[in-house]
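> predicted model follows, preceded by the sequence.
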Amino acid sequence: MNSKERVNAAIRLEIPDRVPVFCQLALGHYMLHSGLDPMEVWFDSEALAEAMVLMQRRYQFDGILVNMPGRPRNWRDHIDRIEDKPGEQWIWWRNGNFSKLPHDDNAHYYQADETRYFPTFSEVDPEKLYYVEPWDITDVTYPFDWSFEGAPRPADEFFPPFLHDTLKAVIEKAGPEVSVHSEIFSPFAQFLELLNYEYALMALIDDPGKCHACLKALVRGSIDLGCRQAVYGPDAILVSSAFAGNGFLSRESYAEFVLPYEKAVIDEIKRQCDNIPVYVHTCGGIGDRLDLMMEAGYNGIDTLDPPPLGTVELDKAIQQTGGQVFIKGNIDPVNTLLLGNADMVREAVENRLSIAKPGGGYILSTACSVAPPTKPELLEYMVEQVHKLGQYDVDE
């Protein structure tokens with residue numbers, strides 16, 4: 001099997017030739033280890049696509065997650081000047097605002113007075129919401145407009161063509177034998193990013209009715225973007241709902257503010273897009289809500305953070321999911337990879353494979369993103385161990 005076939009078999013809950021393996025890399029990891037200019041990686045669609053494919057080939061990953069939007073092709077025209085600071089660059093734009101770009105982390109966009117913009121909850125009109133992309137060049141705006149366009153787009157033309165450039169470039173550069181996945185943000189994740197987390201969580205208590213109206217409005221854009229991505233041929237769509245674990249929300253709040261809106265997104269994307277596989281990325285404590293996540297209609301669940309990062313014991317998760325969804329993750333990216341060593345990596349791989357390999361439906365991965373300073377040699381060793389130990393016997 002090639003990588004695409006291997007991952008697709010796991011997604012379909014079939015037995016591949018071996019357990020697939022691929023991780024989501026933090027953007028800072030690409031910046032530190034791809035050999036490309038951090039500014040190009042962050043601001044240029046082609047450069048990010050090149051970095052993603054370079055690292056996929058280096059680590060022999062079976063897949064690539066394209067988790068960043070494409071950039072406007074004329075982004076360089078908006079630069080006024082660049083200041084080099086210790087460990088970062090400040091890119092001043094012609095509109096008077098600037099971006100701080102660390103050499104090993106995501107950039108953020110600042111107003112001229114060095115503050116970041118977030119609307120207040122009282123300012124937000126649900127009827128003016130469609131989709132919120134927190135990793136646009138100019139971060140969060142309200143009503144949302146893209147990069148330096150300066151005006152909101154109508155719903156039927158909301159997503160500019162450049163938004164898909166990175167996805168298209170990765171699919172082309174990776175070739176037909178690599179599994180490529182795209183990403184959208186869930187309505188709840190968008191709501192958190194729009195207001196900044198603390199204020200969004202307070203809003204759930206202060207005015208749940210208005211929160212529901214906002215989430216309902218954001219469903220439309222999530223469906224629209226997912227279906228537009230599907231046109232370019234990704235093998236699956238990941239719904240990023242990172243902060244919906246029990247460190248942020250109770251199980252009851254999850255059922256109220258997350259589940260119905262994610263279900264609406266998934267149902268419609270699958271209906272419109274030939275039943276494309278859709279899975280979810282939620283960090284931290286999700287051991288108490290795996291049943292609710294399956295109720296949303298996902299094909300798979302990603303991260304499955306083990307203690308102490310999260311609350312998922314892999315054997316219990318397999319019992320709970322009962323072979324109804326594929327699972328991806330459960331290798332601790334901090335204590336095993338960032339702070340660990342080869343012996344810890346080998347032990348973690350052996351343990352996860354002994355639990356999740358039987359029966360198929362498992363993709364070995366770090367629970368969340370691989371941290372920027374993680375040693376590439378440990379990732380290479382992890383994949384080597386999966387190649388060695390993850391083979392299926394013919395009679396399995």
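Structure received. Quick caveat, the model's predicted, so the values are computed rather than measured.

> rest of the way, CA atoms for contacts and neighbours
OK.

> residues touching Gly297, list them.
Under the criterion of Cα atoms under 8 Å, 6 or more residues apart in numbering, the neighbours of Gly297 are 263, 266-267.

> and what of Thr166?
With contact set as Cα under 8 Å, 6+ apart, Thr166 has these partners: 45-46, 48-49, 66, 68-71.

> 7 Å - rerun?
Listed by Cα atoms under 7 Å, 6 or more residues apart in numbering, the contact set of Thr166 reads 45-46, 48-49, 69-70.

> any idea which of these is closest to Leu194?
For those, the closest approach to Leu194 (Cα to Cα) belongs to Pro69, at 16.8 Å.

> distance of the closest residue to that closest one other than its chain neighbours from Glu295?
Once flanking residues are discounted, Pro69 sits nearest to Leu163: 5.3 Å by Cα to Cα, 6 or more residues apart in numbering. When Cα to Cα, to the nearest Å is the yardstick, Leu163 and Glu295 sit 31 Å from each other.

> which one of the two has more residues nearby?
With other Cα atoms under 10 Å as the criterion, Leu163 and Glu295 differ in neighbour count, and Leu163 comes out ahead with 20 against 14.

> surely that one meets Arg73?
No - the pair Leu163 and Arg73 fails to qualify as a contact (Cα atoms under 7 Å) at a distance of 9.9 Å.

> how far away is Asp136 from Phe162?
Taking Cα to Cα as the measure, Asp136 and Phe162 are separated by 11 Å.

> quick one, which of these two is more surrounded?
Relative neighbour count places Asp136 above the other of Asp136 and Phe162, with 22 against 14, counting by other Cα under 10 Å.

> leaving out chain neighbours, which residue sits closest to that one?
Spatial nearest neighbour of Asp136, excluding adjacent residues (Cα to Cα, 6+ apart): Ser147 at 6.2 Å.

> got the residue ranges for the helices in the stretch 1-150 of the chain?
According to DSSP state H, counting those that start in this stretch, the stretch 1-150 of the chain carries its helices in the segments 3-11, 27-33, 38-43, 45-59.

> now render those as a markdown table, adding mean neighbour count and mean pLDDT.
A markdown table is the format used below for these (neighbours: other Cα atoms under 10 Å; pLDDT from 0 to 100):
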| stretch | mean neighbour count | mean pLDDT |
| --- | --- | --- |
| helix 3-11 | 22 | 98 |
| helix 27-33 | 22 | 98 |
| helix 38-43 | 21 | 98 |
| helix 45-59 | 21 | 98 |
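
> what number of residues lie near Pro308?
Tallying neighbours of Pro308 according to other Cα under 10 Å, which is how burial is gauged here, yields 12.

> where exactly do the strands run in the stretch 101-250 of the chain?
Secondary structure of the stretch 101-250 of the chain (DSSP state E, counting those that start in this stretch): strands at 108-110, 179-185, 236-240.

> of those, which approaches Leu364 most closely?
Shortest separation from Leu364 across those is recorded for strand 179-185, at 14.2 Å, computed as Cα to Cα.

> which residues sit against that closest one?
Surrounding strand 179-185, the residues in contact under the criterion Cα under 7 Å, 6+ apart are 3-4, 7, 62-67, 167, 171, 222, 226, 229, 234-241.

> give me the distance between the lengthiest helix in the chain and the centre of its chain.
Among all segments of the chain classified by DSSP state H, the helix with the greatest residue count is helix 208-230. Centroid separation between helix 208-230 and its chain, computed with Cα atoms, centre = their mean, to the nearest Å, is 17 Å.

> by contact count, what packs against it?
In this structure, helix 208-230 packs against strand 179-185, helix 187-195, helix 259-272, with contacts taken as 3 or more Cα pairs under 7 Å, 6 or more residues apart in numbering; DSSP states H and E.

> contacting residues for Arg71?
43-45, 162-163.

> name the nearest residue to it, ignoring sequence neighbours.
Nearest-residue entry for Arg71: Ser45, 5.5 Å, with adjacent residues in sequence omitted and distances by Cα to Cα, 6+ apart.

> can you tell me how far the one you found is from Pro372?
For Ser45, the distance to Pro372 under the criterion Cα to Cα works out to 20 Å.

> do the same with Ala217
Separation of Ala217 from Pro372 (Cα to Cα) stands at 35 Å.

> same thing with Phe257?
According to Cα to Cα, Phe257 stands 32 Å off from Pro372.
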